[in-house]
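J.: Let me see the structure of the following:
(2 chains)
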Amino acid sequence: MSPVETVIQLRSIAKHYTMGGEGFYALQGIDLDIYLNDYMAVVGSSGSGKSTLMNLLGCLDYPTDGQYHLKGMAVASLDENRLADIRNREIGFIFQNFNLLPRASALQNVMQPLIYRGSPLAERKRRAEDALAMVGLQDRMHHVPNQLSGGQRQRVAIARALVTQPAILLADEPTGNLDSSTTVEIMALFDQLHDDGQTLIIVTHELDIADRCRRVITLKDGRLISDVANSATVISHAKGVGAHG
Amino acid sequence: MANLGFKIIEATRSASQSIAAHGLRSFLTTLGVIIGVASVIGVVSVVQGFSASITQEFDGMGTNVINIESYTPRKASLQGLYATLGYDDMIEIKHRVKGISNVTPTVSICGSNAVISYRGESTDTMVVGSASTYQKLYAVYPEAGRFFNLSDDKSRRRVAVLGPSIITKVNIQGDPIGQYISISGEWFKIIGIAEKRGKLFGFDQDDFILLPYSTTRALLGGAEEPDISIGLQVDDMQMIEQIKQQLKNVLRRNHNLGKDAADDFKIATANQMLETFNQIIGSTTVVLAGIVGISLLVGGIGIMNIMLVSVTERTREIGIHKALGATRFDILLQFLIEAVFLCLLGGLIGLVLGFGAGSLISSATGLPEATVPLWAVFLAFGFSAGTGLIFGIVPAFKAANLDPIDALRYE
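T.: Numbers count the residues shown, from 1 in each chain, chains lettered A, B, ... in the order given. The predicted structure follows:
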């Protein structure tokens, strides 16, 4: 068996905040490895540090302490511009409230991240059209977000996250604003992406969402308290190495 | 930064979309710049048109013309002592100063305006008595008929050369040449009509009547010799300073002025008049520049204000851009270009409006045709862009420095 590629490696990660003169750790002593094609859920009650972990993984924030390697790069020591570049190339964000650009069409939304890596217009267009076709929105490319349903908006967001072919897809409560049938659709799309080899990290507080993932880590008071593989369709490599808990 | 061009193109594309998306607001935002640029371009176009026509006027007059007028200092005029130039001064100049020609006396009748009438139509106009050399000196050539000549002057013939406006003013029917017109109650035969010269400063240059000097002198009658002005032409421009000095010496001697007495006359060259005029235009331009400065300052503050509001309004959008990989510089550029773009748009609209207003004013008031010099166009755009840069930088930095996490969470 070939060695499993580690996409993300966190070692003794801590994030300290000071609020109103009182300091507290939002994250403390996090050790975590995320592997290629992982399909991981991050669960925990509110205030457990899920969002902080998301922000760190997404290179939107620096840890106070510890090492973060993304595809072998020591991210914590990079400057802001390099971090922006990494967000652009390696991270695909999916948000609970979609976070589409309101005045831009679906196509323009999906083209946007490619601007920051300097792709010419024709290439941007071609890749964005491909990405939208992949999420089944080839007929809605020129609609602006408020002409689209919630599920369609989230598909646009997913297309936008995928268009850069990122190392990881980071979804923060991706179905939080969707009804149950749309939730099923979106989760099916995630399953599909996983089958295609994408690495996915989904932050959620809904257990049935977490259940669909192959690996579930649980946070509590800023600490990692469990890291288990979901039995059903565990991918062989994720089993032995991935579990810390 | 190899891809700066690419970034600028993309930021411009995005800025134009954003400006178009908020059409009315964008327009109101740039209104300060629009009004500023429009008013300046309007005034500049009128002043420039003006200046061009005046310069042309002076060129037509010839730079080698010297005018001499009497000059009474204020103190003397308060005492009722008025300096005069007389016909003998002219004779003296003619005989003593070498290198000049077309020495021409000019005298106004009845102050400046006299009543004229023709078949019951009455009006007033400027009546000037002068010599036959007047036409050469001031380039007033007859369109029809002839100018008066030496013999008209010598025998005090009652003949008149009319400015073309007089014909319409008193409604002369048929060929005016050979008809008679009454000036201050005396009858004169019309022998010539001068070429049309148009308006200057809104002042009709064709509203005059020229009479032979001696005729005018007789008409004025009286013992008191009239105050004349003397025009003459310098044959060799190289000699102009020497000739001015000679003129001065002759007149001082003729006026019996003591060593310490000030000149009671003024010698002006066309060049000097042109210079004076250019100075006036120059200082007008400086005042205008001040107005531009103020209006662009006000416009700029308006733009900064709206851009700051826009940054706050688009906080979440900025967060999204940052999450998608936009750097600080990308965001900075985006907002800066939006501000510059808005200002340039305002500048363009202002330019068009200003030129329109200038043309309208010119045609409505009979001023020379408005012209916008190229430098004014570049200046307008330069200042507009500068305003955008200066007042856009604060909002742009505010946007660029937003923390992506806070921005994404912003409601």
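J.: Which pLDDT value belongs to residue A:1?
T.: Per-residue confidence (pLDDT) for residue A:1: 42.
J.: scratch that, residue B:160
T.: pLDDT, residue B:160: 92.
J.: any idea of the pLDDT on residue A:104?
T.: Reported pLDDT for residue A:104: 90.
J.: Helices of chain A, start to end?
T.: A:50-57, A:80-90, A:106-115, A:121-134, A:150-162, A:180-195, A:207-212, A:236-242 (DSSP state H).
J.: Compare those and report which one is nearest to chain B.
T.: Across the helices of chain A, chain B has its closest neighbour in helix A:80-90 (2.3 Å, Cβ to the nearest Cβ). From N, CA and C alone the C-beta is placed, and that goes for glycine too.
J.: I'd like to know how many residues surround the residue nearest to residue A:40 when sequence neighbours are not counted.
T.: Spatially, and ignoring its direct neighbours in sequence, residue A:40 is nearest to residue A:215 (4.5 Å; Cβ to Cβ, 6 or more residues apart in numbering or on different chains). Neighbour count of residue A:215, defined by other Cβ atoms under 10 Å in any protein chain shown: 23.
J.: OK, now which residue of the stretch 51-200 of chain B is nearest to chain A?
T.: Residue of the stretch 51-200 of chain B nearest chain A, by Cβ to the nearest Cβ: residue B:52 (46.7 Å).
J.: Give the next helix or strand downstream of the longest helix seen in chain B.
T.: Assignment by DSSP H gives helix B:270-313 as the longest helix of chain B. As assigned by DSSP states H and E, the chain's next helix or strand after helix B:270-313 is helix B:315-323.
J.: In three-state terms, label the residue nearest the centre of chain B for me.
T.: The residue lying closest to the centre of chain B (Cα atoms, centre = their mean) is residue B:50, at 3.2 Å. The three-state assignment at residue B:50 reads helix, by DSSP: H, G, I helix; E, B strand; the rest coil.
J.: Against chain A, how distant is it?
T.: 48 Å (Cβ to the nearest Cβ, to the nearest Å).
J.: one step back: and the angle for the longest helix of chain B with helix B:315-323?
T.: 90 degrees (axes from the mean of the first three to the mean of the last three Cα atoms, to 10 degrees).
J.: Can you list the helices and strands that helix B:270-313 packs against?
T.: Here helix B:270-313 touches helix B:23-61, strand B:65-70, helix B:328-365, helix B:374-400, going by 3 or more Cβ pairs under 8 Å, 6 or more residues apart in numbering or on different chains; DSSP states H and E.
J.: With mean pLDDT as extra columns, can I get those in TSV?
T.: Compiled in TSV, the helices and strands packed on helix B:270-313 are given as follows (pLDDT from 0 to 100):
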stretch	mean pLDDT
helix B:23-61	80
strand B:65-70	87
helix B:328-365	88
helix B:374-400	88
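J.: Redo the ones you listed as TSV? Include distance to residue A:138.
T.: Formatted as TSV, the helices and strands packed on helix B:270-313 follow (distance: least, Cβ to Cβ, whole Å):
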stretch	distance to residue A:138
helix B:23-61	31
strand B:65-70	82
helix B:328-365	29
helix B:374-400	34
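J.: who's the residue nearest to residue A:40 bridged to?
T.: Note on residue A:215: beta-bridge partners residue A:40, residue A:229, judged by DSSP bridges.
J.: Alongside chain A, which residues does chain B contribute?
T.: Residues of chain B found near chain A (Cβ under 8 Å from any Cβ of the partner chain) are B:3, B:6, B:10, B:17-18, B:21, B:316-317, B:319-330, B:404-405, B:408.
J.: Of those residues, which qualify as buried by neighbour count?
T.: B:10, B:18, B:316-317, B:319-328, B:330, B:404-405, B:408 (16 or more other Cβ atoms under 10 Å in any protein chain shown).
J.: quick one: the residue nearest to residue A:74 when sequence neighbours are not counted from chain B, how far?
T.: Spatial nearest neighbour of residue A:74, chain neighbours left out: residue A:67 (6.4 Å); criterion: Cβ to Cβ, 6+ apart. Distance of residue A:67 to chain B, given as Cβ to the nearest Cβ: 21 Å.
J.: what's near enough to touch residue A:67?
T.: Taking Cβ atoms under 8 Å, 6 or more residues apart in numbering or on different chains as the criterion, residue A:67 is in contact with A:9, A:10, A:11, A:12, A:13, A:74, A:76.
J.: OK, contacts around the closest residue to residue B:71 other than its chain neighbours?
T.: Closest residue to residue B:71 apart from its sequence neighbours, by Cβ to Cβ, 6+ apart: residue B:266 at 4.4 Å. Counting by Cβ under 8 Å, 6+ apart, residue B:266 makes contact with B:68, B:69, B:70, B:71.
J.: Give the residue spans of chain A that score low on pLDDT.
T.: Low-confidence segments of chain A (pLDDT under 70): A:1-3, A:231-245.
J.: what does it put close to chain B?
T.: A:55, A:58, A:60-61, A:80-81, A:84-85, A:87-89, A:93, A:95, A:99-104, A:112-113, A:115-118, A:160, A:164.
J.: Restricted to buried residues, select the residues you listed in PyMOL.
T.: In PyMOL, this line selects whichever of these come out buried by 16+ other Cβ under 10 Å:
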select buried, chain A and resi 55+58+60+61+84+85+87+88+89+93+95+99+100+101+103+104+112+113+115+116+160+164
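J.: I'd assumed residue B:396 was in contact with residue B:335.
T.: Yes. Residue B:335 is within contact range of residue B:396, at 3.7 Å (criterion: Cβ atoms under 8 Å).
J.: between the two, what contacts are shared?
T.: residue B:307.
J.: Check which residues of stretch B:132-141 are buried.
T.: B:132, B:133, B:134, B:135, B:136, B:137, B:138, B:140.
J.: give the contact list for the fifth one.
T.: Remark: with contacts taken as Cβ under 8 Å, 6+ apart, residue B:136 is in contact with B:102, B:233.
J.: re the thing from before, surely the residue nearest to residue A:40 meets residue A:37?
T.: No. Residue A:215 is beyond contact range of residue A:37, at 10.8 Å (criterion: Cβ under 8 Å).
J.: so who does residue B:298 touch?
T.: Contacts of residue B:298 (Cβ under 8 Å, 6+ apart): B:32, B:36.
J.: my bad, residue A:55
T.: Residue A:55 makes contacts with A:61, B:405, as judged by Cβ under 8 Å, 6+ apart.
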